[in-house]
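Trainee: Need coordinates for the below:
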Amino acid sequence: MKTEIRQQTTLEKALDINLDPQWYGSFAEIGAGQEVARQFFQAGRASQTVALAISAYDMTFSDVIYGKEKSGRYVCDSRLRKMLDQEFSKLTDRLGTSRGTKTCFFSFADTVATSTDTGRSHGWMGVRFQHKPGAAPSEVYLHVRLLDKQRLPQQETLSKLGVNLIHSCFYKTKNTNEFMTALFDQIKTGSLSVDAIYFNGDVFKNYDECRTNLWLIENHQSEAIYFNAEGSVQNPSDALWGKNIFIQRAFYKPVTNTHIDIANRGLKHFTKEFNLKISDTLSIFEFTFNNRIKNEAVTLDEAVFKVRMLQALKIPTLVSQFSLFYELKQFIRLSTDKPMAIVIGATHLDKLFDEKFYYDLSGGLLEGMGKLLGRFSRLYIYPHKTPEICLLTKSFFPPPATKNIYKHFIDNNMIQDIAGCDEITEFVHSNDILKMIKAKNNNWKKHVPEKIHGLVSKELKG
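Mentor: Have a look, this model is predicted:
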């Protein structure tokens, strides 16, 4: 019989550190109170661990200590990095001579805004630390959104996450999965979403930043992770802020030339409809871990493969846990109220208007579609063309119970075709590529971008 390992409580973890003479450091917290430092003081023996605890609430004081941000923001990654830089430097400069040969110095920092509006409750936190006395520092920092509706539980979640982060840095770095799992000890699922986590330094040289961030989605500790065109993890709210958003949702196993054509045609249609500048518009490829259409979950390895392909093509990518389109739209709306469009192939319309996917909503399909589409939200349809048929919005005939709902969105141009059958070549689906590869038919290469031929061959040929 397998024995379940008991999670340590937050105070037990804080006491672990307080009783360990090698660790000595500082805490700098802006906003939400000194929630993380508080746990160490409550655990006891904090004088053995805490060199300094500071909380610069006043903006003028904060600017005097850390300098002003060009953006004028206080809850941002640049402010966190300044806090870590300054506090760690002060610590080592002032105490390095007296105790640097026997002490691992660390600095913890966070800058957080709590609110009863959960869309505004978020923060950055990080730890810079030496893994042995005198060593060059390593660091971890992350962005978190706090999803509880009241400030008190938000603050409690923040305190637990901070202690877990410090404890994992000190005792769990040898195993990535152990590090990540311990990060969420004693934290209720659904109380937070980590949007990005970063690792720097020798201690983390074997950590795969892509995989660790995708691990967050697989383990329901993140709603979505964003990779920019350079392939780097980026906080979605920063990347999407104030942008017009065009999204293609697909399976990408593998990416095909059809996917590229869909994106190009869809983006052109989108910018023309809303009279947008390309420079103000972000075109994203998106896929979900929770695929209701296929009734299957994407594995972590599969997700990493998909992201690697899109990184090779320099395509901004959003990976999410959203099974339904309106959930994806609501997430985007946390960052921008500008025009947005989602494009899909015509064969997905029958799933989109299948009432069984909306049973968790009191208003059913009507509520779901109402949340998805609106004055500045569109659903674009790319034709599904084969030698035998070509499917468009006009080719789809929903069940009698939903046909008037469908007609409403068609008549109001909220669902639109982005191309006609004569304008495109045959639709090549990812499944078609898999069949060719399985049959050892090298014609698959004609339908897949050349830059990823090597990746596809290695992954899908096994």
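
Trainee: could you give the mean pLDDT of stretch 94-112?
Mentor: With pLDDT averaged residue by residue, stretch 94-112 scores 95.

Trainee: start to end distance for it?
Mentor: 28 Å (CA to CA, to the nearest Å).

Trainee: Ok, stretch 362-376 next?
Mentor: Counting by CA to CA, the length from the leading to the trailing residue of stretch 362-376 is 24 Å.

Trainee: Pull the residues that contact that stretch.
Mentor: Under the criterion CB atoms under 8 Å, 6 or more residues apart in numbering, residues 274, 324-326, 329-330, 337-340, 342, 353-355, 357-358, 361, 379, 402, 405, 409, 414-415 lie in contact with stretch 362-376. No exception for glycine: its C-beta is placed from N, CA and C like everyone else's.

Trainee: Tell me the buried residues in that stretch?
Mentor: Of the residues in stretch 362-376, those buried under the neighbour-count criterion (16 or more other CB atoms under 10 Å) are 364, 365, 368, 369, 371, 372, 373.

Trainee: How many neighbouring residues does the nearest residue to residue 134 once chain neighbours are set aside have?
Mentor: Computed as CB to CB, 6 or more residues apart in numbering, the closest residue to residue 134 that is not its neighbour in sequence is residue 100, at 6.1 Å. Applying other CB atoms under 10 Å, we find 15 other residues in the vicinity of residue 100.

Trainee: So what does residue 100 have for phi and psi?
Mentor: As for residue 100, its main-chain torsions (degrees, to the nearest 10) stand at phi -70, psi -20.

Trainee: ok, it to residue 93 distance?
Mentor: The gap separating residue 100 from residue 93 is 10 Å, by CB to CB, to the nearest Å.

Trainee: go on, residue 457?
Mentor: Taking CB to CB as the measure, residue 457 and residue 93 are separated by 53 Å.

Trainee: ok, these two, which is more surrounded?
Mentor: Between residue 457 and residue 93, counted using other CB under 10 Å, residue 457 has the larger neighbour count: 16 against 9.

Trainee: And the helix or strand that one falls within, how far out from the chain middle?
Mentor: Using DSSP states H and E, residue 457 sits within helix 453-460. Taking the mean of its C-alpha atoms, helix 453-460 sits 26 Å from the chain's own mean (CA atoms, centre = their mean, to the nearest Å).

Trainee: Quick one: the helices in the stretch 1-150 of the chain, in order.
Mentor: The residue ranges that make up the helices of the stretch 1-150 of the chain, judged by DSSP state H, counting those that start in this stretch, are 10-18, 35-43, 59-66, 77-99.

Trainee: Could you list the low-confidence segments of the stretch 351-462 of the chain?
Mentor: Counting by pLDDT under 70, the ranges of the stretch 351-462 of the chain that qualify are 462.

Trainee: What of the chain?
Mentor: Residues of the chain meeting the criterion pLDDT under 70: 1-5, 118, 293-294, 462.

Trainee: still on that earlier bit, buried subset of the contacts of stretch 362-376?
Mentor: Burial by neighbour count, 16+ other CB under 10 Å: within the contacts of stretch 362-376 this picks out 324-326, 329, 338-340, 342, 353, 357-358, 379, 402, 405, 409, 414-415.

Trainee: what about the strands in the stretch 51-200 of the chain?
Mentor: Under the criterion DSSP state E, counting those that start in this stretch, the stretch 51-200 of the chain carries strands at the ranges 104-113, 122-129, 138-146, 192-200.

Trainee: And the longest one, what does it pack against?
Mentor: Strand 104-113 is packed against strand 23-30, helix 35-43, helix 77-99, strand 122-129, helix 151-171, with contacts defined by 3 or more CB pairs under 8 Å, 6 or more residues apart in numbering; DSSP states H and E.

Trainee: quick one: that strand to chain centroid distance?
Mentor: The chain centroid and the centroid of strand 104-113 are separated by 22 Å under CA atoms, centre = their mean.

Trainee: strand partners of that strand, parallel vs antiparallel please.
Mentor: Sheet neighbours of strand 104-113, with direction, are listed as strand 23-30 (parallel), strand 122-129 (antiparallel) (DSSP bridges).

Trainee: Only C-alpha atoms, please: export stretch 207-217 in PDB.
Mentor: The C-alpha trace of stretch 207-217 is given here as PDB (Å, rounded to 0.1, in the frame of the first residue of the first chain):
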ATOM      1  CA  TYR A 207      15.900  23.400 -15.300                       C
ATOM      2  CA  ASP A 208      13.900  23.600 -18.600                       C
ATOM      3  CA  GLU A 209      12.000  26.900 -18.300                       C
ATOM      4  CA  CYS A 210       9.500  25.800 -21.000                       C
ATOM      5  CA  ARG A 211       8.700  22.500 -19.300                       C
ATOM      6  CA  THR A 212       8.500  24.000 -15.800                       C
ATOM      7  CA  ASN A 213       6.000  26.700 -17.000                       C
ATOM      8  CA  LEU A 214       3.900  24.100 -18.800                       C
ATOM      9  CA  TRP A 215       4.000  21.900 -15.700                       C
ATOM     10  CA  LEU A 216       2.000  24.700 -14.000                       C
ATOM     11  CA  ILE A 217      -0.900  24.200 -16.500                       C
END
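
Trainee: list the buried ones in that stretch?
Mentor: 207, 209, 210, 211, 212, 213, 214, 215, 216, 217.

Trainee: How far does it sit from its chain's centre?
Mentor: In terms of CA atoms, centre = their mean, the centre of stretch 207-217 is set 10 Å apart from its chain centre.

Trainee: List of residues touching it?
Mentor: Under the contact criterion CB under 8 Å, 6+ apart, stretch 207-217 has outside partners 176-177, 180, 194, 196-199, 222-225, 227, 233, 289, 300, 303-304, 307-308, 311, 319-321.
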